[in-house]
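Okay, predicted coordinates and the sequence, questions at the end:
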Amino acid sequence: MHKVLVIVPFPVNDEQLALRRAQTQAVRLGPDIAFDFRPVKAAPSNYVSHHDYILADAGIVEAGLRAQEEGYHAVCIDTMSDSGMAGLRSLLDIPVIAPGRASMLTALMFGERFSVLTLWSQWKPLYAKSLNDLGIHHKCASIRALDVRPDNRELLSGKEADVFPLLLEAGRKAIEEDGADVLLLGSTTMHQAHAYLAARLPVPVINPGPLTYKLAELALGLGLTHSRKAYPKPLVPKPELFEAMLAAAAASELRRK
């Protein structure tokens, strides 16, 4: 049995963690793979600045840096920002899969140009970073944002009647006006809208979280992991430093509540 650790990029309670875990119901997985979901100890309130990106990287790296010695065979990161992916790849030999780049590259397997549907314009720099890293700006037809402030803990629960039609309208405009032939959900926090959109739009709609689960299963089945040429190990690993920083950060957050 393969065990995969899914790192949730915000501290959440059990009910909120279950909303993230529900993503596994959207994909067919084999009987010999299991997924455990683990929240980070501390995180930025959202991902809208470089300050936030640094905090997100540290929190996600700390949550997964012991995954290999804990017996996990792969790690998935539950954010389209791909935060912490490079850091964990430098520390772990097991596959570390994140949905941002993966979603974009998968889109190009099924179409020529894709659009990102997102809740918030302030997330656009995250997509721009992945497009820059991959050199595929010309393949992105558009980034359509609703300017609905996201809820990273309750996701779209209770907002379906308001948000789903707006996403559908944005998807249609991306196809008809921008020329997209594949659509990406811009956040794993939007996964509850996937079935609604996929049933109503005439192009593939990629659900980023479940995609990473299937990619982890694929990598394990093929015996693949990241390249040490691209992600060299640190000369002096300091896992205890990450753990001390996040323990202090979590204690600080508790004091503020």
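Noted; the coordinates are in hand.

switch to C-alpha atoms for all contacts and neighbour counts from now on
Will do.

middle-most residue in the chain, spatially?
Among the residues of the chain, the one closest to the centroid is residue 79, at 2.3 Å (Cα atoms, centre = their mean).

Doesn't it lie inside a strand?
No - if the criterion is DSSP: H, G, I helix; E, B strand; the rest coil, then residue 79 is coil and not within a strand.

Neighbours of the nearest residue to it once chain neighbours are set aside, how many?
Among residues not flanking residue 79 along the chain, residue 188 sits closest, at 5.9 Å (Cα to Cα, 6 or more residues apart in numbering). Close neighbours of residue 188, defined as other Cα atoms under 10 Å, add up to 23.

Next up, the contacts around residue 188.
Residues in contact with residue 188 (Cα atoms under 8 Å, 6 or more residues apart in numbering) are 78, 79, 80, 207, 208, 209.

Neighbour-wise, which one of those residues leads?
residue 209 (31 neighbours).

pretty sure that one is touching residue 97, no?
No - Residue 209 lies out of contact with residue 97 (Cα atoms under 8 Å); the separation is 10.0 Å.

Is residue 28 in a helix, a strand, or coil?
Put simply, residue 28 is coil when judged by three-state DSSP.

So in the protein, where's the weakest helix or strand by average pLDDT?
Ranking every helix and strand in the chain by mean pLDDT, DSSP states H and E puts helix 239-256 at the bottom, with a mean of 90.

any residues touching that one, and which ones?
The contact list for helix 239-256 (Cα under 8 Å, 6+ apart) reads 41, 42, 58, 59, 61, 62, 65.

hmm, 6 Å instead?
If you take Cα atoms under 6 Å, 6 or more residues apart in numbering as the criterion, helix 239-256 is touched by 41, 42, 62.

do stretch 70-83 as well
Contacts of stretch 70-83 (Cα under 6 Å, 6+ apart): 2-8, 57, 94-100, 126, 187-188.

Domain map for this structure?
Per the record, the chain has its domains at 2-99+211-256, 100-207, by automatic domain parsing.

End to end on the last one, go ahead and measure it.
Between the opening and closing residues of domain 100-207 lies a distance of 11 Å (Cα to Cα, to the nearest Å).
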